[in-house]
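*Asks:* Here's a sequence, model it:
(one chain, ligands or ions: 1)
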Amino acid sequence: MNADKLSKRLETVVSFIPEGSRIADIGSDHAYLPCYAVDKGIAVSGIAGEVAEGPYQSAVKQVKYSLLEDVISVRKGDGLEVLNQNEADCITIAGMGGALIASILENGKDKLGGVSRLILQPNVGAAAIRKWLFENGWELKAEKILEEDNKIYEILAADRGNPKTPYNQFEREFLLGPFLLKENSPVFQQKWEQELKQWRNIIEKMKEAGDSPGLRERKAQVLKKIDIVEEVFDEKGKRT
Ligand code: SAM
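*Replies:* This is a model prediction of the structure:
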């Protein structure tokens, strides 16, 4: 095991940790992130939280191997339940779906009192996180999008503040990300071209699947997303 070199994805998550933070990495698995952040002197302490036994053991081993047992505590439990009040001021949650990340934050709201920064890296469904942040008094401060090993990742950093600040057009910006939309990078364009292709395939399959109220509703949701993304690309002069 080696936490000396992180993936580009996790390195980007770390880049948003304020220096001197007391971090908690939830769903830490191998605990590479807290080991790296503490080892490099970015964080002063860490908590690695894991719900599953295998990844928990892997985190325990990594922290021991890195000789960081006195500054990184590995804890087994669901989401933020592993934290005591005011133990961490920066929380990272990476490598899960956006809906799961949002539910971990929602279920652990009472543990967020002393937390001033959230860094969240959903593999899919970032919109659920933007919505949760917006509804819970967190201001999205920065977003990054990157490609690694043929996968595209989004990373969101938020502080307490005015949740409305980054938004001009809620519907499209919840889906695409206000900062990412503005930046309009090649990776961003690639992501949404891929999504459009997938959604159009889903619509074709739905046509073959017949008709039912549930299917109609699902189809309307997918068509709505297609409309939003097509409109954005049309405006940006990038017809797909
Ligand atoms: N964060 C690491 C990364 O980004 O490389 C590991 C990501 S791994 C794909 C997701 C991890 O989250 C798994 O080890 C899983 O057991 C853990 N996990 C899922 N739900 C969790 C929860 N509610 N609380 C704590 N850990 C959770």
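
*Asks:* Only C-alpha atoms from now on, for both contacts and neighbour counts.
*Replies:* Noted.

*Asks:* what about residue 39, neighbour count?
*Replies:* 18 (other CA atoms under 10 Å).

*Asks:* Begin at 37, not 1, for the rest of this chat.
*Replies:* Happy to do that; since the first residue is 37 now, the last one works out to residue 75.

*Asks:* which parts of the chain sit against the ligand?
*Replies:* Within the chain, the positions near the ligand by CA under 6 Å from any ligand atom are 62-65, 85-88, 91, 114-115, 130-132, 140.

*Asks:* Show me those residues that map onto strands.
*Replies:* Those of those mapping onto strands are 62, 85-86, 130-132, per DSSP state E.

*Asks:* In PyMOL, how would I select the buried members of these?
*Replies:* The buried residues among these can be selected in PyMOL (16 or more other CA atoms under 10 Å) with this line:
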select buried, resi 62+85+86+130+131
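
*Asks:* okay if I get the ones in strands among the residues of the chain next to the ligand as JSON lines plus distance to residue 78?
*Replies:* Shown next, in JSON lines, are those (distance: CA to CA, whole Å):
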{"residue": "62", "distance to residue 78": "18"}
{"residue": "85", "distance to residue 78": "19"}
{"residue": "86", "distance to residue 78": "22"}
{"residue": "130", "distance to residue 78": "18"}
{"residue": "131", "distance to residue 78": "21"}
{"residue": "132", "distance to residue 78": "24"}
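
*Asks:* Kindly reformat the ones in strands among the residues of the chain next to the ligand as TSV containing pLDDT.
*Replies:* TSV is the format used below for those (pLDDT from 0 to 100):
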residue	pLDDT
62	98
85	98
86	98
130	98
131	98
132	98
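
*Asks:* How are the helices of this protein distributed by residue range?
*Replies:* 44-51, 68-75, 89-101, 134-143, 162-171, 206-212, 214-219, 222-244, 249-271 (DSSP state H).

*Asks:* Give me the residues contacting stretch 138-145.
*Replies:* 115-117, 164-165, 168 (CA atoms under 8 Å, 6 or more residues apart in numbering).

*Asks:* ok, 10 Å please
*Replies:* 62, 114-119, 127, 129, 134-136, 147-148, 154, 156, 158, 161-169, 172 (CA atoms under 10 Å, 6 or more residues apart in numbering).

*Asks:* Where does pLDDT dip in this structure?
*Replies:* Where the chain drops to pLDDT under 70, the residues are 37-40, 274-276.

*Asks:* tell me the domain ranges of it?
*Replies:* Domains of the chain are assigned by automatic domain parsing as 44-200, 222-271.
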